[in-house]
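Colleague: I would like the atomic coordinates for the input below:
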Amino acid sequence: MEEIRRFERVGSHSHITGLGLEGLEPKPIADGMVGQIEARKAAGIIVNMVKEGRFAGRAVLLAGPPGTGKTALALGIAKELGKDVPFVSISGSEIYSSEMKKTEFLMQAIRKAIGVRIHEMRKIYEGEVTTLDIKTVPHPYNPYQKVPKMAIIGLKTKKEEKQFRVDESFANYIIQQGVEIGDVIQIDADSGRIAKLGKTKEAVKKESLDLMSHEIVELPDGDVVKEKEFVYVMSLHDLDIATTRRGGLFSIFFGEKEEITNETRQRVDETVKEWVDSGKAEIIPGVLFIDEVHMLDIEAFAFLNRAMESELAPIIILASNRGMAKIRGTDAKSPHGIPLDLIDRLLIITTKPYKKEEIEKILQIRMAEEKVDIEEDALEYLTQIGVETSLRYAVQLMAPAANIAAGKKRRKINKADIEEARKLFHDVRKSVEYLKEYEKMMLGE
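Modeller: Residues are numbered from 1 along each chain as shown. A predicted model of the protein is given here:
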């Protein structure tokens, strides 16, 4: 008999569901956010400006030391703008790809961050997810990595309940969409696209979740399989790819990759405009988050300057942990390594290092997200590590410590587990000490 098990994926910011605001005032702890009161209030004002259509031609810069929640803030802004708002995160160093030009990479990232909500009458599967078992197998090229092989998914309506066995491509899509038991979803029978509608109130209560952090919907009526308006979101980049390939809109899931031309993008823009005018679609400007923005060069900055003026520009959020730095491609120095003419167009939000009590609360939130139990003295010790080194290092020690505890047949992490993990996995300071000790034996440039 095949072994079927639940496939879980926890991201480093999967606990963030918003900015944790009440009006414009940040709550001390809410929506996965802790501290950074001024920064979160400023981010809330950005959200209001975007919703009121008063953000055109501008961008945001998040400036602060490493590990102070810049990515969490950017994701919180996207969550506050709406559940279907695309969030695209790239690093400044990613533009230096041998496969494509820098400007092409940035153009694709921008178009990935602009969503199109499409309405169509289609045959769909609809219901609350009651069963979700995903079987994984070793990756064919990397035996240490596992990939989905198949899945069993159960859907329930007020009238009936059915189970379906699906293949690996569909199982992958379930994971990408973050589908969980208790979600109410729609599945397009032809394309396999999934739309998450929300959770039922009963599912939220059963899982002890925060009612305010989830879209509450009714359990669907009628049959699981039905004809109904199917609403789904695709990015402009998805539509670019689909138009480039033969076979129409849903060829995005199949076929060979071809170069996307400016003519293709123009044709997609014209088609989307027709859909919007006829009421078939809506444009959803998303968030493009560029971390390590100081890694961009003068050509990329010039491209971003122009892109901000476009009618279809997403909300561009930049982040940097640098002070005065050289602008790549020039000999000039500037704050954060960004040209002054671009800085003049940025609203700058600063983040500050977390206090000890804030680090402890963030660790507790991450442990709940990753389903990890810890003893009180161990949490105190881990918090102190976060204060002395960095929050990121403290968070990274959680998984090895949990693994060590499991190896000793314990569910709860104790202080000794964290001490052992700390000896095995060094922070930056210890790594530097190691380099100094063995400097003569290390290879040079």
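Colleague: partner strands of the strand ranked longest in the chain, parallel or antiparallel?
Modeller: Among the segments of the chain that qualify as a strand by DSSP state E, the longest is strand 114-138. Sheet partners assigned to strand 114-138 using DSSP bridges are listed as strand 146-156 (antiparallel), strand 183-188 (antiparallel), strand 225-235 (antiparallel), strand 281-285 (antiparallel).
Colleague: which of the ones you listed is buried the deepest?
Modeller: strand 183-188 (a mean of 22; mean count of other Cβ atoms under 10 Å). For glycine as for every other residue, the C-beta is placed from the backbone atoms N, C-alpha and C.
Colleague: starting at the chain centroid, how far to the helix or strand that comes right after that strand?
Modeller: Using DSSP states H and E, the helix or strand that follows strand 183-188 in sequence is strand 194-199. Centre-to-centre, strand 194-199 and its host chain are 17 Å apart (Cα atoms, centre = their mean, to the nearest Å).
Colleague: Can you point out the buried residues in the helix or strand just after strand 194-199?
Modeller: Note on strand 194-199: by DSSP H and E, the next helix or strand toward the C-terminus is helix 201-206. By 16 or more other Cβ atoms under 10 Å, the buried positions in helix 201-206 come out as 203, 204.
Colleague: Mean confidence (pLDDT) on helix 201-206, please.
Modeller: Mean pLDDT, helix 201-206: 77.
Colleague: Kindly report the same for stretch 320-331.
Modeller: Taken as a whole, stretch 320-331 has a mean pLDDT of 89.
Colleague: picking up where we left off before, what comes up buried for the longest strand of the chain?
Modeller: Quick answer for strand 114-138 (16+ other Cβ under 10 Å): 114-118, 122, 124-129, 131-136.
Colleague: so can I have JSON lines of the strands paired with strand 114-138 showing distance to residue 108 and mean pLDDT?
Modeller: Output for these, formatted as JSON lines (distance: least, Cβ to Cβ, whole Å; pLDDT from 0 to 100):
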{"stretch": "strand 146-156", "distance to residue 108": "25", "mean pLDDT": "87"}
{"stretch": "strand 183-188", "distance to residue 108": "25", "mean pLDDT": "88"}
{"stretch": "strand 225-235", "distance to residue 108": "10", "mean pLDDT": "86"}
{"stretch": "strand 281-285", "distance to residue 108": "16", "mean pLDDT": "90"}
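Colleague: I'd like to know which of these is closest to residue 216.
Modeller: strand 183-188 (9.6 Å; Cβ to Cβ).
Colleague: which residues are in contact with that closest one?
Modeller: Strand 183-188 is contacted from outside by 122-129, 155, 179, 193-200, 203, 217, 219-220, 228, 230-232, using Cβ atoms under 8 Å, 6 or more residues apart in numbering.
Colleague: Kindly recompute the last result at 7 Å.
Modeller: Contact partners of strand 183-188, identified using Cβ atoms under 7 Å, 6 or more residues apart in numbering, comprise 122, 124-126, 128-129, 179, 194-200, 217, 220, 230, 232.
Colleague: tell me the angle of it relative to strand 194-199?
Modeller: Angle, strand 183-188 to strand 194-199, by axes from the mean of the first three to the mean of the last three Cα atoms, to 10 degrees: 150 degrees.
Colleague: Quick one: distance of strand 183-188 to the chain centre.
Modeller: On Cα atoms, centre = their mean, the centre of strand 183-188 falls 20 Å from the chain's centre.
Colleague: Only the C-alpha atoms, please, for it, written as CSV.
Modeller: Provided in CSV are the C-alpha atoms of strand 183-188 (Å, rounded to 0.1, in the frame of the first residue of the first chain):
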residue,chain,number,x,y,z
ASP,A,183,-10.2,26.2,2.9
VAL,A,184,-13.2,26.7,0.6
ILE,A,185,-11.8,26.4,-3.0
GLN,A,186,-12.9,26.4,-6.6
ILE,A,187,-11.1,24.3,-9.2
ASP,A,188,-11.4,24.9,-12.9
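Colleague: Could you tell me which residues within stretch 69-86 count as buried?
Modeller: Applying 16+ other Cβ under 10 Å to stretch 69-86 flags 69-81, 84-86 as buried.
Colleague: which of those residues lies closest to residue 390?
Modeller: residue 69 (12.3 Å).
Colleague: just checking, the closest one touches residue 34?
Modeller: No: between residue 69 and residue 34 there is no contact under Cβ atoms under 7 Å: 8.1 Å.
Colleague: quick one: common contacting residues for those two?
Modeller: Between them, residue 69 and residue 34 share no contacting residue, judged by Cβ under 7 Å, 6+ apart.
Colleague: what domains does the record give for the chain?
Modeller: Domain assignment for the chain by automatic domain parsing gives 21-113+286-350, 118-235, 356-433.
Colleague: Look up phi and psi at the residue nearest to residue 265 when sequence neighbours are not counted.
Modeller: Closest residue in space to residue 265, ignoring its immediate chain neighbours: residue 240 at 5.7 Å, by Cβ to Cβ, 6 or more residues apart in numbering. Residue 240 adopts backbone torsions of phi -60, psi -50, taken as degrees, to the nearest 10.
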